[in-house]
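> structure of the sequence below:
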Amino acid sequence: MVRSLKNPKKAKRKNKKDESSSSNPGPPVEAKVWQPGVDKLEEGEELQHDPSAYNSYHAFHIGWPCLSFDILRDSLGLVRTDFPHTLYGVAGTQAENSSRNYIGIFKILNISGKRRELVPKNATSDMESESSDSDEEDEEGSGGFGSPVLQIRNISHEGGVNRIRAMRQHPNICVSWADTGHIQVWDFSSHINALAESNASTAHGAPTMFNQAPLVKFTGHKDEGYAIDWSPLVPGRLVSGDCKNFIHLWEPTSDSTWNIDSKPFVGHTASVEDLQWSPTEQHVFASCSVDGNIAIWDIRLGKSPAVSIKAHDADVNVITWNSLASCMLASGSDDGTFSIRDLRLLKEADSVVARFDYHKHPITSIEWSPHEASTLAVTSSDNQLTVWDLSLERDEEEEAEFKAKTKEQVNAPTDLPPQLLFVHQGQKDLKELHWHSQIPGMLICTAADGFNILMPSNIETALPANDA
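Reported below is the predicted structural model:
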């Protein structure tokens, strides 16, 4: 289990002039493909991304680093493909001093990029604080939309935020798991509305810190925790798990009150790391633990798991339940492996249908795409975000044809799994990722040095006919 951020420092705006000024730029350096786990950076070397690999790529931060965040559903359109994009999110900080933590409700507008094309024609620009040195190049690569704008409203939070989740049916209702051991439920309606009504095209100085009382503060857990999930089927239904192996069920009694079962679900022998409700069965949820097990629970059948399986040889850090193929459950482990299980095969000797050991450091986040049933994304402590398409298989004839048409020498490692679709790097200490459910192909991830928004150019998503 890898949870904490290493030496959290508050992000500072980079000085563009200092970075670009150089009286002697020196001879040009030949560009080469970086192979994670194979190549090493020499002193003074740094990685640079290939803009053609992204339909959109931006970076931002909200001050202190964040372990966890969530994307808020909005009313701007269920399937959005045209740039510029706007998104809403909520994130919780891990400040150096516990009293300086907050929850940030943010809006990012004017997210630029390019439509998917077989051969990308333009490069994308970075965000205002991370943009390239040439404003002309930014204008050209972003389709003339200019730089994205971050607007944020901060709410003071007692302690660091281990995890934060927004209710799918009512995204103004959010729940936070604090490192102080308590869980709070919040109504952020006023802040979201204020951001929605703001038409400002630029950010306005430092955000104001608001003090707000939560709807509920639960102190019934015996220790802090990280596992928490809202039901996608029953509005307001919630489960929370702690580091003492206890899981509590929350049942809504109104829009702002809950009945929290004082008798916990017990089935793991160590910390509960993640929880996921079934996307199709309203009484069923899954959990994973440091004990290496995954458990399936039915809240109608008592406080013990209906099924418990040994999933990994190390801690199981994260799980994700496929909303488009509900028989598929993926899990990521502390040993760097992640597996996909077919839940229809649980009664058989082995329900694992795929297992990957590409990452050599702990898996910190894993999530199925909400638009493609065979696609999922993974983050790891090796500072990589990877995207996988389980429907892909190696095609030697296609590879030979590609190499024949490619003028440059292709030096890709031969042992890469054919299902590996995309590798994103450049962030340090990656912690959590989410797909945007209303913008196909968009990923957001948080790390010690801030957030990235990315749309890989090789992710193909079935789009409505009028947008194709």
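
> show me where this structure has helices.
If DSSP state H is used as the criterion, the helices of the chain fall at 16-20, 135-141, 189-197, 396-405.

> I figured L238 hits A227, correct?
No. Using Cβ atoms under 8 Å, L238 makes no contact with A227, being 11.0 Å away. (Each C-beta comes from the backbone N, C-alpha and C, glycine too.)

> flag the shaky bits of the stretch 351-468 of the chain, pLDDT-wise.
Low-confidence segments of the stretch 351-468 of the chain (pLDDT under 70): 402, 405-414, 460-468.

> for this structure, which spans come out with low pLDDT?
By pLDDT under 70, the weakly predicted segments of the chain are 2-38, 115-145, 200-205, 402, 405-414, 460-468.

> again, only using 80
1-41, 45-49, 115-146, 199-206, 348-349, 394-415, 460-468 (pLDDT under 80).

> what's the distance between the closest residue to R237 other than its chain neighbours and N199?
The shortest distance from R237 to any non-neighbouring residue, by Cβ to Cβ, 6 or more residues apart in numbering, is to S231 (3.8 Å). To N199, S231 is 35 Å away according to Cβ to Cβ, to the nearest Å.

> more neighbours, these two?
S231 (23 against 6; other Cβ atoms under 10 Å).

> doesn't P279 make contact with that one?
No. Here S231 lies out of contact with P279, judged by Cβ under 8 Å, at a distance of 9.7 Å.

> bridged to F218, which residues?
I183 (DSSP bridges).

> counting neighbours, what do you get for it?
The local packing of F218 (other Cβ under 10 Å) involves 19 other residues.

> kindly report the same for A325.
For A325, the count of nearby residues is 14 (other Cβ under 10 Å).

> residue contacts, it?
Contacts for A325 were tallied using Cβ atoms under 8 Å, 6 or more residues apart in numbering; they are A373, S374.

> mind redoing it with 7 Å?
A325 is in contact with A373, counting by Cβ atoms under 7 Å, 6 or more residues apart in numbering.

> roughly how far apart are it and E348?
As for A325, its distance to E348 is 18 Å (criterion: Cβ to Cβ).

> check G267 too.
G267 sits at a distance of 21 Å from E348 (criterion: Cβ to Cβ).

> between those two, who's got more neighbours?
Between G267 and E348, counted using other Cβ under 10 Å, the more crowded position is G267 (21 against 8).

> which residue is the nearest non-sequential neighbour of the more buried one?
Per Cβ to Cβ, 6+ apart, closest to G267 is P305, 4.0 Å.

> now swap in W250 and tell me
L238 (3.8 Å).

> and that neighbour, what is it in contact with?
By Cβ under 7 Å, 6+ apart, the residues touching L238 are V175, I228, W230, W250.

> over to W368?
T320, N322, S323, A330, L376.

> L420: which of those residues is nearest?
Among those, L376 lies closest to L420 (Cβ to Cβ), at 11.5 Å.

> if I look at that closest one, how far off is L421?
10 Å.

> what about the two, which has more around it?
L376 (25 against 19).

> what residues are bridge-paired with the more buried one?
Applying DSSP bridges, one finds that L376 bridges with W368, W388.
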